[in-house]
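Quick one: sequence and predicted model below, then my questions.
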Amino acid sequence: MSTNDTTEARERLATAVAKMADSDQFASWLRARASFHSYSFNNVLLIAAQRPDASRVAGYRAWQKLSRQVKRGERAIRILAPCRVKCREIESATGTESAFRVVGFKWASVFDVSQTEGEPIPELEYRSLEGAAPVGMLDLLERSASDAGLRIEYRMPEIVGAHGYLQRSQSLIVIDPDQSPAMRAKVLAHELGHAFDPWLIENPDAYSAHRGDCESVAEATAFVLCSVYGIDAGPSAVGYIAAWLDGNASRVRELAERIDTAVAAILPRSHNRDAEAVAQEVAA
C-alpha cells in the first residue's frame, strides 16, 4: 500500500465523519446522550442490586424528553443524588459562573430503558462486518502482532460488550472469537492501532484522559487496513469515531500522523505487495 493509498482512505474517513457530524441523526444522538449520566461506583452498585439487567438508566422527566414514558406500575431504581448549594461566584472566560458545593445526599428515582415505552432511542449506525476475512489479512495482522512481541488470545473478553482489548502491560491482545472472521480481523486491526499508536506508546498511562483521540486513531487505523483489503468498514467506523470525537471531524485530519505511523508499523514495506495483490484481486 502506498502513502497515497493511505492518505486517500484516511481522507474518505474524515469526509464521512464530517458528514455524520452534520447530520440530524448525530444531533439527535447527542441530545439523547445528554440525558444519560455517568454514575458513581456506589450508584452503579445500587442499580445492579435492584435491577441486575439494567442497561440505560435515566430519570422520569429525562425519559419524557426522549419521547418515552415510564410504564405504569414500574418500580423505581433508587440511587443517591448530591445536594448542592451555591457558595460563590467565579469569573471564567465566558463570564460569571456560580460555584457549588455538596452538602449531602438524597434519594432519587431512576428507571431503566426496559421500564419505558415510546420512541426508539437515537442510535448511530453500527454494523458488524459479516463473512470471511480476505485472504492473507488475518495472517498478516497476527504476524505483525507476533513481530512486536504481542500474543493474541481468542476468547471471550472480560470486559462486557467489548469485541476485544489490548493489555499493553501483559503484551496481550484478546479477541472475541464469537464473531465473523472479517470482524475478528477488523477488531484485531483496531487493537494493533492502539499498540502501534506512537503517542500512546510514549504516554501509556494517559489513555483515560485522551480516550477519544486514542479510540479514533485505533478505529481509523482499522478502517485504513480494511480498505487495503477491500473491506468497507465505514458503517461501523464512521459513527464510532464521530461519537468519540463529539462530532469534531477535523480531529481525524489532525491525528493523521499517528494513524499513518500505526498503519505503516502494521503493514511494513515487505508485506505491501501482498496486500496490494489481495486488494486488486478483491476489486477485480
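Looks like it arrived, so ask away.

Every contact and neighbour count from this point should use C-alpha atoms.
Fine.

State the distance from residue 184 to residue 191.
From residue 184 across to residue 191, the span is 11 Å (CA to CA, to the nearest Å).

So the two - more neighbours on which side?
For the pair residue 184 and residue 191, the greater number of neighbours falls to residue 191 (27 against 24), based on other CA atoms under 10 Å.

which regions of this protein sit below the pLDDT cut-off?
In the predicted model, the chain carries pLDDT under 70 at residues 1-4, 88-99, 269-284.

Strands of the stretch 101-250 of the chain, start to end?
Along the stretch 101-250 of the chain, the segments classed as strands by DSSP state E, counting those that start in this stretch run 116-118, 151-154, 164-167, 172-175.

List the neighbouring strands of the shortest one plus their orientation.
Translated: strand 116-118. If you go by DSSP bridges, strand 116-118 pairs up with strand 68-70 (antiparallel).

quick one, which of the strands of the stretch 101-250 of the chain is packed in tightest?
Stretch with highest mean neighbour count among those: strand 172-175 (a mean of 21; mean count of other CA atoms under 10 Å).

want to try CSV for the strands of the stretch 101-250 of the chain, with distance to residue 41 as columns?
Listed next are these as CSV, based on distance: least, CA to CA, whole Å:
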stretch, distance to residue 41
strand 116-118, 24
strand 151-154, 30
strand 164-167, 22
strand 172-175, 26
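
Residue 106 is nearest to which of these?
Across those, residue 106 has its closest neighbour in strand 116-118 (23.8 Å, CA to CA).

picking up where we left off before, of the strands of the stretch 101-250 of the chain, which is nearest residue 100?
Distance to residue 100, taken as CA to CA, is lowest for strand 116-118 among the strands of the stretch 101-250 of the chain, at 32.6 Å.

Centre of the chain to stretch 249-265, how far?
In terms of CA atoms, centre = their mean, to the nearest Å, the centre of stretch 249-265 is found 16 Å from the chain centre.

actually stretch 200-211, sorry about that
The chain centroid and the centroid of stretch 200-211 are separated by 15 Å under CA atoms, centre = their mean.

now the helices for the stretch 101-250 of the chain?
Ranges of helices in the stretch 101-250 of the chain, per DSSP state H, counting those that start in this stretch, are 137-147, 181-195, 198-202, 211-228, 234-244, 250-254.

buried stuff in the third one?
The neighbour-count criterion (16 or more other CA atoms under 10 Å) identifies 198, 200 as the buried residues of helix 198-202.

And that helix, what does it pack against?
Applying 3 or more CA pairs under 8 Å, 6 or more residues apart in numbering; DSSP states H and E, one finds that helix 198-202 contacts helix 256-266.

could you give the angle of the helix it packs on to helix 137-147?
Interaxial angle, helix 256-266 versus helix 137-147 (axes from the mean of the first three to the mean of the last three CA atoms, to 10 degrees): 90 degrees.

Buried by neighbour count: which residues of helix 256-266 qualify?
In helix 256-266, counting by 16+ other CA under 10 Å, buried: 256, 258-266.

Output the contacting helices and strands for it.
Secondary-structure packing of helix 256-266 (3+ CA pairs under 8 Å, 6+ apart): helix 137-147, helix 181-195, helix 198-202, helix 211-228.

Alpha carbons of the shortest one, as PDB, please.
Output in PDB follows, covering the C-alpha atoms of helix 198-202 (Å, rounded to 0.1, in the frame of the first residue of the first chain):
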ATOM      1  CA  PRO A 198       3.200   6.400  18.700                       C
ATOM      2  CA  TRP A 199       1.600   8.900  21.100                       C
ATOM      3  CA  LEU A 200       0.100   6.100  23.200                       C
ATOM      4  CA  ILE A 201       3.400   4.200  23.200                       C
ATOM      5  CA  GLU A 202       5.100   7.300  24.800                       C
END
